[in-house]
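For reference, the sequence and a predicted model appear below.
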Amino acid sequence: MSRAAVFLSSLGALSWLVMASMAGCSSSGDVTNTHVSAEAGAPGNGGDLNAVTDGNDGGSDPNTSTNTGGTVAPTPILSSVAPTFAAVDALGPTLVVKGTSFTAQSVIRADSTALSTTFFSDSELHAALPNDRLSVATTLHVSVFTPAPGGGSSANLPFEVRNPIPALTTLAPSSALAGAADTALTLAGSSFAPMPSVYFDGNPLSVATATTVAITTTIPAALLKASGSHNVTVINAAPGGGTSNAISYTVTNPSVVVSSVTPSSALVGDTSKSIAIVGSGFVSATSIAFNGATVSSTFTDSSHISAT
C-alpha cells in the first residue's frame, strides 16, 4: 500500500495518546507495517488520529528491483558438443550439448536452424540433428539460444559433416598404347564424394560424372606419349575425406609396322639422302637401326618417322 495518512477527530476534553503497530495483515484491505498515532486536544478542538503506512503491498521491499515480465534468464554458455562430427548421408545423431546457464526454454541451434530440444538440466541439453543436415560435407555451427527476458545466444562450437575416405576398385580400361589420343576412363569403387578429384601420377583429370561408386574422366593424349606405369587415385575433399588407394594404369608401346621406305635404294657412299619411313605404331621413343646400327631419327607422328 502507498503511503497514506488518515485523520480522525475525537470529541471531548480528554487528552490521550495512542501508539499502535499493525503488521502482517493478510486479508484484502489490511494495512501492513502501519504506525498509528492519535492525540486529542482541548474540548471543542477535537483530536487528530494519524495513520501512516510504510512499504509496499505484501510486505516487499520498495527498494528492490523486480522484472514484471518474469525472471530474467542468464546468457547460456556452451562448453562442449558430442559427437563432434558425422559422415555425409549418415543418420542424424543426437547432439549432447553441455555448458552452464541453460533454462527449460533454451534451444540448440545448428547454424540458424532451431532444433527440437530436450532440457535435462541447467548444464545439459539434447537435440536430434535432422538427416537432411548431413547431405553435404560442411561445418555446422552449434549454439544455444535462450529467449528473453534476458537470455541470448552462446558462442558457437563446430560440428563437421565429413566426407568419407574413397576406395578405388577398378579402372576401365586399365591400359593404353603409347601415343594414343585422349582416352576415356571409368573408375569404380565406393565412398566417392559428390565432387571428387582424380589424379593421374599427380596430374589432375577433369571429372565428367561422379556417383558414390563410379567416376568418368578422360586421360589427355599428352599423358600417354610414352610407355610406363602410372598411379591413378581419387581424393575426397575436407572436411573428412582423404586419398584413395592407388591403381596402376599401364601405357605400353605398340607393335611397330613398317609399310614403306623412301627412297628404297641409294648409291654406295651416298650419305646425303634422308630416309622417310611410313607405317604404324611409331612413338617418340621409336628408334631406327640400319644393319643393326642405330641412326639418328626424327619422330613425326605414329605413322611417320625419318632417318638421316
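Right, received. Where do you want to start? Numbering: from 1, shown residues only.

who's in contact with the residue nearest the centre of the chain?
Centroid-nearest residue in the chain: Thr139, 0.9 Å away (criterion: Cα atoms, centre = their mean). If a contact means Cβ atoms under 8 Å, 6 or more residues apart in numbering, then Thr139 has 158-161, 239 as its contacts. In short, each C-beta sits where N, CA and C put it, glycine included.

Would you state the secondary structure element containing it?
Thr139 is part of strand 138-146 when elements are defined by DSSP states H and E.

Render the CA-only coordinates of that strand in PDB, please.
Once non-C-alpha atoms are left out, strand 138-146 reads as follows in PDB (Å, rounded to 0.1, in the frame of the first residue of the first chain):
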ATOM      1  CA  THR A 138      30.300 -28.900 -44.400                       C
ATOM      2  CA  THR A 139      30.900 -27.400 -40.900                       C
ATOM      3  CA  LEU A 140      27.800 -26.600 -38.900                       C
ATOM      4  CA  HIS A 141      27.900 -24.000 -36.100                       C
ATOM      5  CA  VAL A 142      26.200 -25.200 -33.000                       C
ATOM      6  CA  SER A 143      25.000 -22.800 -30.400                       C
ATOM      7  CA  VAL A 144      22.400 -22.500 -27.600                       C
ATOM      8  CA  PHE A 145      19.700 -19.800 -27.600                       C
ATOM      9  CA  THR A 146      17.600 -18.700 -24.600                       C
END
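
Please determine how far the residue nearest to the centre of the chain is located from Leu115.
17 Å (Cβ to Cβ, to the nearest Å).

again with Ala307
Looking at Ala307 against Leu115, where the rule is Cβ to Cβ, the gap reads 77 Å.

Give me the neighbour count for Asn236.
Applying other Cβ atoms under 10 Å, we find 24 other residues in the vicinity of Asn236.

My guess is it contacts Ile165. True?
Yes. Using Cβ atoms under 8 Å, Asn236 is in contact with Ile165, at 6.7 Å.

Could you tell me which residues touch both of these two?
Taking Cβ under 8 Å, 6+ apart as the contact criterion, the common neighbours of Asn236 and Ile165 are 191, 242.

Helix or strand: which one has Thr216?
Taking DSSP H and E as the definition, Thr216 sits inside strand 214-219.

Surely Ser260 is in contact with Ile275?
No. Taking Cβ under 8 Å as the definition, Ser260 is not a contact partner of Ile275, at 10.5 Å.

between the two, who's got more neighbours?
Under the neighbour definition other Cβ under 10 Å, Ser260 and Ile275 were set side by side, and Ile275 has more, 17 against 9.

could you measure that one against Phe282, distance?
Here the criterion is Cβ to Cβ. By it, Ile275 lies 14 Å from Phe282.

beta partners of the nearest residue to Asn245 once chain neighbours are set aside?
Taking Cβ to Cβ, 6 or more residues apart in numbering, and ignoring the residues beside it in sequence, Asn245 has Leu168 as its nearest neighbour in space, at 5.5 Å. With DSSP bridges as the criterion, Leu168 is bridged to Gly189.

Now the strand holding Thr216: buried residues?
215, 217, 219 (16 or more other Cβ atoms under 10 Å).
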